[in-house]
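**Student:** coordinates only, sequence not included:
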């Protein structure tokens, strides 16, 4: 029997009425004869409220205890959803991440899934039950509760879809699909019917909030068909699929932006081997993700090293950078919290030239200064001032005529 | 090294400030060189709020899912307390009931502790950490989350004190000890310095809200010294101890009442063997605790069977009673929700006569009608109208001169 995995975010289960709506969506698939696994996030603002509670005690709580605290959010949701589905006459049963065998590493608040024991879920599905699993959480082999960090519930859902070989993973959210740009910034942005894993991956890591990149990566690796759709309107959303030939006619699929960026520069670093390895090694050990890195050598054999991290990680990254600067004999460390990143993404870039030029022209026309540039096979990103983001996204969307292209 | 177990109820951890206060009380013992285990309940009204959330979906939620839902309350408390203790510079670590190996039977919402694996706690204590354990919850051998029902956190604490052979189990609460009567009803009620397990057991099962009877029973069976004290005033409370000889001079230790009683009568039951066994067997299977039972045979060989249950169980007990009445050919089932029970308790009753007469006289003087009577070696209980409770407690307290006796 075909299995489908459904994932509902916090806004889809914000209150009892929303939970009933989710119950109906799960039951609808169950009645079509599917085996249904539902993954839910914490209700509405629960996670933020719990974090605020901890903050009333200290600003630097132990990550292990924060995981203990915030994992209760999803546990509340799964119980509520089980109660709702049962009240509609359909058998259902809820499980926490630890109960269902979602094994992670030991990195509290940023844990990665190591493996999933799917036995228990399959056993429950075979009893005819709708199986409800808490998103965002897992357990170490030592029986410690962990949470998966940003995008954790998407990751849970797509990883479950992978091990269960589900025919589709429906990601229900408060938007009805993936757009050529954020519709709040670009009113004539267009919904994409399909997008490739690689494009979605770039969009996700670039700040499109629909799906987190790590969940898309799992989808890509295990070839899980992902359907991004609205929990409030029953209309088709955007399918995230493997790359297919005719798609290459589309040069650019969308414009993304990320305001959650900050920049750190080490100035006047003596040019010795191993400098970058030492600095970025330490940042990696602390689970700080570095995005762009630029290094340029001056005439005096002193380097300037500039890199970007998420604003959340800035304070910790600065501590590492200051220590590294001291050790390496660098002259100075400066940082900028008011930057952002805009990007264009499209698999067609591989075979089309001039994309970068079009993007730079759009920014130049609007007198938007470019701070850093980074490219991959299918994306081009520019760091700009945070205050320029809206104008930049609008200008790029217009320059590439994204509102007009019919994406099939 | 001596181990002590501290237990804090919901009102002692109602907000971040209260949690910090609890942290200081735990640290104070830790600094005296004790190994400290802290058991906490859910913060303030958390459990009620969660139950209300479920009620927004259905009035008859699955007990398994309710356990999944409400066990999050204590999990929040333990994480908060660990964060608070750590922020004061003392190592601490929180554990859920399942994590720490509190194994229960399968009776959701009313689970009984089967055994506790104390290894993990001892290992953590030996690291010098304050160990924080979620009260009220455990796990079945099938890895299902259970809750222990009323008085669950006291039960967790005293059971832990038993297996850890703690030198004392401090029960911190919002009252500063056990009184000769409820001070809200009898303003001159007196705090007892000591009370025996048996007396506390009777008082607890009779409705004194300080300690639940099942937790006292564990204390008695394993001879755990229990100290009932206030989390807001650092003054000695009431020690619950083994019976000792000189205590027998005290005839009556206290007056208790319980408003949470309801009465069911099966009228005109044909007099056949096995009638009571069938009815009360079914109630037992459903985990409904029956308190008093009275049966009297009429001239026509038809019995009237009357029994009391807690008001919470009345609806379910009525269903059982109606079914049994049909099966047994009883004439009628009636019930009364507006009853209550008053009781006097004292180990001295064993060797003193006239206690019952004194109690009945107190009630008679005040024109309070007695519906049912039940006695044990150390207590006498009377069922009365719920509206008579305050007057009855005051009358009995006065008649036995409890305000004047010096209990040493």
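**Tutor:** That came in fine, so what should we check first? On a predicted model such as this, the values are computed, not experimentally measured, just so you know.
**Student:** would you agree residue A:346 is in contact with residue A:356?
**Tutor:** No: assessed by C-beta atoms under 8 Å, residue A:346 is found out of contact with residue A:356, at 12.0 Å. Bear in mind the C-beta positions are built from the backbone N, C-alpha and C, glycine included.
**Student:** more neighbours, the two?
**Tutor:** Set side by side, residue A:346 and residue A:356 show more neighbours around residue A:346, with 26 against 14, by other C-beta atoms under 10 Å in any protein chain shown.
**Student:** what sits against the nearest residue to residue A:40 once chain neighbours are set aside?
**Tutor:** Nearest residue to residue A:40 in three dimensions, chain neighbours excluded: residue A:77, at 4.3 Å (C-beta to C-beta, 6 or more residues apart in numbering or on different chains). Residue A:77 is in contact with A:13, A:19, A:40-43, A:46, A:134, counting by C-beta atoms under 8 Å, 6 or more residues apart in numbering or on different chains.
**Student:** so residue A:70 touches residue A:48, yeah?
**Tutor:** No: taking C-beta under 8 Å as the definition, residue A:70 is not a contact partner of residue A:48, at 9.4 Å.
**Student:** which of these two has more neighbours?
**Tutor:** The neighbour comparison of residue A:70 against residue A:48 (other C-beta under 10 Å) goes to residue A:70, with 25 against 13.
**Student:** and that one, what element?
**Tutor:** Per DSSP states H and E, residue A:70 falls inside helix A:63-87.
**Student:** at the contact with chain B, which residues of the stretch 51-200 of chain A appear?
**Tutor:** A:53-54, A:56-58, A:60-62, A:64-66, A:68-69, A:71-72, A:75-76, A:78-80, A:82-84, A:86-87, A:93-94, A:96, A:99, A:143, A:145 (C-beta under 8 Å from any C-beta of the partner chain).
**Student:** try it again with 6 Å
**Tutor:** Residues of the stretch 51-200 of chain A found near chain B (C-beta under 6 Å from any C-beta of the partner chain) are A:54, A:56-58, A:61-62, A:65, A:68-69, A:72, A:75-76, A:79, A:82-84, A:86-87, A:94, A:99, A:143.
**Student:** find the nearest non-adjacent residue to the closest residue to chain B within the stretch 101-250 of chain A, please.
**Tutor:** When scored by C-beta to the nearest C-beta, the stretch 101-250 of chain A has residue A:143 as its residue closest to chain B, at 5.8 Å. In this structure, residue A:143 finds its nearest non-sequential neighbour in residue B:99, 5.8 Å apart by C-beta to C-beta, 6+ apart.
**Student:** tell me the SS of that neighbour?
**Tutor:** helix (DSSP: H, G, I helix; E, B strand; the rest coil).
**Student:** give me the neighbour count for it.
**Tutor:** Using other C-beta under 10 Å, the number of residues around residue B:99 comes to 21.
**Student:** swap in residue A:285?
**Tutor:** When neighbours are counted by other C-beta under 10 Å, residue A:285 comes out with 9.
**Student:** that one and chain B, how far apart?
**Tutor:** 22 Å (C-beta to the nearest C-beta, to the nearest Å).
**Student:** could you do residue A:357 as well?
**Tutor:** For residue A:357, the distance to chain B - C-beta to the nearest C-beta - is 53 Å.
**Student:** and that residue, what element?
**Tutor:** helix A:355-365.
**Student:** quick one: low-confidence parts of the stretch 201-350 of chain A?
**Tutor:** Confidence mapping of the stretch 201-350 of chain A against pLDDT under 70 gives the ranges A:205-208, A:244-249, A:298-299.
**Student:** now the helices for it?
**Tutor:** When assigned using DSSP state H, counting those that start in this stretch, the helices of the stretch 201-350 of chain A occupy the ranges A:213-222, A:275-285, A:314-328.
**Student:** helices and strands around the first one, which ones?
**Tutor:** The one in question is helix A:213-222. Counting contacts by 3 or more C-beta pairs under 6 Å, 6 or more residues apart in numbering or on different chains; DSSP states H and E, helix A:213-222 is packed against helix A:152-163, helix A:197-205.
**Student:** that older thread, surely the residue of the stretch 101-250 of chain A closest to chain B is within a strand?
**Tutor:** No: going by three-state DSSP, the assignment for residue A:143 is coil, not a strand.
**Student:** need phi/psi at residue A:62.
**Tutor:** Phi and psi for residue A:62, reported as degrees, to the nearest 10, are phi -60, psi 130.
**Student:** residues contacting it?
**Tutor:** residue B:86 (C-beta atoms under 6 Å, 6 or more residues apart in numbering or on different chains).
**Student:** now do residue A:78
**Tutor:** Residues counted as contacts of residue A:78 (C-beta under 6 Å, 6+ apart) are A:40, A:94, A:132, A:134.
**Student:** ok, back up a step: filter the residues of the stretch 51-200 of chain A next to chain B to the buried ones?
**Tutor:** When neighbours are counted using 16 or more other C-beta atoms under 10 Å in any protein chain shown, those contain these buried positions: A:54, A:57, A:61-62, A:65, A:68-69, A:72, A:75-76, A:79, A:82-84, A:86-87, A:94, A:99.
**Student:** what's the single longest strand in chain A?
**Tutor:** The single longest strand within chain A, with elements called by DSSP state E, is strand A:254-270.
**Student:** just checking: what are the partner strands of it?
**Tutor:** Sheet pairing for strand A:254-270, assigned by DSSP bridges, gives strand A:302-310 (antiparallel), strand A:332-345 (antiparallel).
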